[in-house]
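Enquirer: What follows is a predicted protein model with its sequence.
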Amino acid sequence: MSTDDERPTADPDLRDIAEAVASESRSFLTTITEVAAGSAPDASLPLLLLALSDLLAAGARLGATTDVVPPSRFEPDIGPDADLEPLRANLANLFDGIDEYIEVVDPLLGPEVEESTISGDLVAIVGALTQGLAHHERGHVLEALWWWQFSYLSDWGERAASTLRAIQTILAHVRLDVDDDVAAEAEYDALQP
């Protein structure tokens, strides 16, 4: 069994990708934590829209990268999983009444849909990112990249894309679904010199 000092190092390109994904993961976790805490309720939707979009851009780099192969078949133990239930409960409370949404299971295989929740998807993404960060912070760059890439392709990339669409749709309803009288008044005001 190898020790951390004996682990192979990633090539510079993979290290750059790992640093970018680690940075984006930390930023995403900070945003989700602040949104769940309710520190800026009026900014929650825009913050999530930006955080998910940025995270998906980082994920696209993982998807476009050749498969990362870790040095060992077995993932190093990084300790117990974090308890994310309080985060999920806070997010569910924040999205009370608009948490559930419908998504297509696999758009290439057919129109089958399933119900999902914004809070559950965000917490699943946090869990996957946290696992990769734990490896990264211990200097296990290849394991971190493997984990982020695998979980992006198998789970969190799809969840992030679906959640982004749900958040964007909610934001569109909030901004565009206005009473006809209010819309007519705003249109009249806009046309006045």
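Expert: The structure has been received and is ready for your questions.
Enquirer: C-alpha only now, for contacts and for neighbours.
Expert: Will do.
Enquirer: Flag the shaky bits of this protein, pLDDT-wise.
Expert: Along the chain, segments meeting pLDDT under 70 span 1-10, 71-80, 178-193.
Enquirer: Counting residues, name the longest helix you see in it.
Expert: Longest helix of the chain, by residue count under DSSP state H: helix 12-37.
Enquirer: what helices or strands is the host helix or strand of Ala144 leaning on?
Expert: Per DSSP states H and E, Ala144 falls inside helix 141-151. With contacts defined as 3 or more Cα pairs under 8 Å, 6 or more residues apart in numbering; DSSP states H and E, the packing partners of helix 141-151 are helix 12-37, helix 44-64, helix 118-137.
Enquirer: how about a cut-off of 7 Å?
Expert: With contacts taken as 3 or more Cα pairs under 7 Å, 6 or more residues apart in numbering; DSSP states H and E, helix 141-151 sits against helix 118-137.
Enquirer: Alpha carbons only: can I get the helix it packs on in CSV?
Expert: What follows is helix 118-137, C-alpha atoms only, in CSV (Å, rounded to 0.1, in the frame of the first residue of the first chain):
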residue,chain,number,x,y,z
ILE,A,118,-34.1,21.7,-5.9
SER,A,119,-33.0,21.2,-2.3
GLY,A,120,-32.3,17.5,-2.7
ASP,A,121,-30.3,18.1,-6.0
LEU,A,122,-28.3,21.0,-4.5
VAL,A,123,-27.4,18.8,-1.5
ALA,A,124,-26.4,15.9,-3.7
ILE,A,125,-24.1,18.2,-5.7
VAL,A,126,-22.6,19.6,-2.5
GLY,A,127,-21.9,16.0,-1.3
ALA,A,128,-20.1,15.1,-4.5
LEU,A,129,-18.1,18.3,-4.6
THR,A,130,-17.2,17.9,-0.9
GLN,A,131,-15.9,14.3,-1.5
GLY,A,132,-13.6,15.6,-4.3
LEU,A,133,-12.4,18.5,-2.2
ALA,A,134,-11.5,16.1,0.7
HIS,A,135,-9.2,14.2,-1.7
HIS,A,136,-7.8,17.5,-3.1
GLU,A,137,-7.1,19.0,0.3
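Enquirer: what residues does that helix touch?
Expert: By Cα atoms under 7 Å, 6 or more residues apart in numbering, the residues outside helix 118-137 that reach it are 22, 25, 29, 78, 84, 88, 91-92, 99-100, 141, 143-144, 147-148, 151, 156, 159, 163.
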